[in-house]
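A.B. asks: Just a sequence and a predicted model for now, questions to come.
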Amino acid sequence: MSRRVVVASNNAGKLREFSALLAPLGWQPLAQGELGVSEAEEPWPTFLENALAKARNACAATGLPALADDSGISVPLLGGAPGVLSARYAGEPRSDARNNEKLIASVAARARAESDWDAFYVAVLVFMRSVDDPLPIIAQGIWRGRLVAAPAGEGGFGYDPHFLLPELGLTAAQLPAEQKNRLSHRAQALTTLVAALGGV
Ligand SMILES: O=c1nc[nH]c2c1ncn2[C@H]1C[C@H](O)[C@@H](COP(=O)(O)OP(=O)(O)OP(=O)(O)O)O1
Ligand SMILES: [Mg+2]
């Protein structure tokens, strides 16, 4: 039996990863853009609230269960920035290239020690069965790494070319997709979410 679920995202990189992650679970992911769902506002200060807003928006528009992801990269040296503002870090129009440039310049201007380049990805996932679901399933994942000034790799999306996994010696953009999908914040959160969902 396949479970139809609207993936409440317009990010092509996330949609690609969710397709790969959900297929083996027997879920049938439908991109919200293909169903005419308009983009949700995400003005909140927490990943959780933004993910809830996205999931509820997709449920309301489609009448189907929805899975939303609000995610970002956090740098302790920068007080946790860009965090929930990761997608808009360098302002409008949104651009991964300009976001990466701003992030690396901000860290390089302040960094004194190697550990100042530490960073982690965060993903909060929300699964809602319907727009009035009183008990959405919520899960989070964290993936620790270190920023590198020189981008490397063609895979992934967003900040991946600058996100090094020190123990692998590769950036997230250099990992084969299957490996990123075993290790990432998004993959960890999805594993937790599916376990919490149980047979519901
Ligand atoms: O695995 C990742 N690899 C690289 N970058 C990543 C990753 N995961 C999140 N990120 C970055 C991209 C974006 O700058 C922000 C997410 O922002 P976020 O609002 O959740 O997504 P979005 O606006 O791109 O699409 P949408 O809201 O339609 O799902 O964090
Ligand atoms: Mg967004």
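C.D. replies: Perfect, thanks for sending it. Numbering: from 1, shown residues only. Ligands and ions are numbered 1, 2, ... in the order given.
A.B. asks: which residues does residue 153 contact?
C.D. replies: Applying Cβ atoms under 8 Å, 6 or more residues apart in numbering to residue 153 gives the contacts 160-161, 170-175. Where C-beta positions appear, they are placed from N, C-alpha and C, glycine not excepted.
A.B. asks: same thing but at 6 Å, please
C.D. replies: Neighbour list for residue 153: 161, 171, 173-174 [criterion: Cβ atoms under 6 Å, 6 or more residues apart in numbering].
A.B. asks: Just send the residues you listed back as CSV, with distance to ligand 1, secondary structure and neighbour count too.
C.D. replies: Listed next are the contacts of residue 153 as CSV, based on distance: Cβ to the nearest ligand atom, whole Å; DSSP: H, G, I helix; E, B strand; the rest coil; neighbours: other Cβ atoms under 10 Å:
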residue, distance to ligand 1, secondary structure, neighbour count
161, 9, helix, 22
171, 10, strand, 24
173, 8, coil, 20
174, 12, coil, 20
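A.B. asks: Which single residue in this structure comes nearest to ligand 1?
C.D. replies: Ligand 1 sits closest to residue 158 of the chain, with a gap of 2.3 Å, by Cβ to the nearest ligand atom.
A.B. asks: Which residues does the residue nearest to the spatial centre of the chain form beta bridges with?
C.D. replies: The chain has residue 71 as the residue nearest its centroid, 3.7 Å off, counting by Cα atoms, centre = their mean. Using DSSP bridges, the bridge partners assigned to residue 71 are residue 123.
A.B. asks: could the contacts of residue 153 be laid out in CSV, adding pLDDT?
C.D. replies: Formatted as CSV, the contacts of residue 153 follow (pLDDT from 0 to 100):
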residue, pLDDT
161, 98
171, 99
173, 98
174, 98
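A.B. asks: Which one of the residues you listed is nearest to residue 64?
C.D. replies: Distance ranking of the contacts of residue 153 against residue 64, using Cβ to Cβ, places residue 173 first at 32.2 Å.
A.B. asks: Grab the nearest non-local neighbour of that closest one.
C.D. replies: residue 153 (2.9 Å; Cβ to Cβ, 6 or more residues apart in numbering).
A.B. asks: so what pLDDT did the one you found get?
C.D. replies: In this model, residue 153 is scored at 98, pLDDT.
A.B. asks: And the strands in this structure, which stretches?
C.D. replies: With strands called from DSSP state E, the chain shows them at 3-7, 27-31, 66-74, 118-128, 137-147, 163-165, 170-171.
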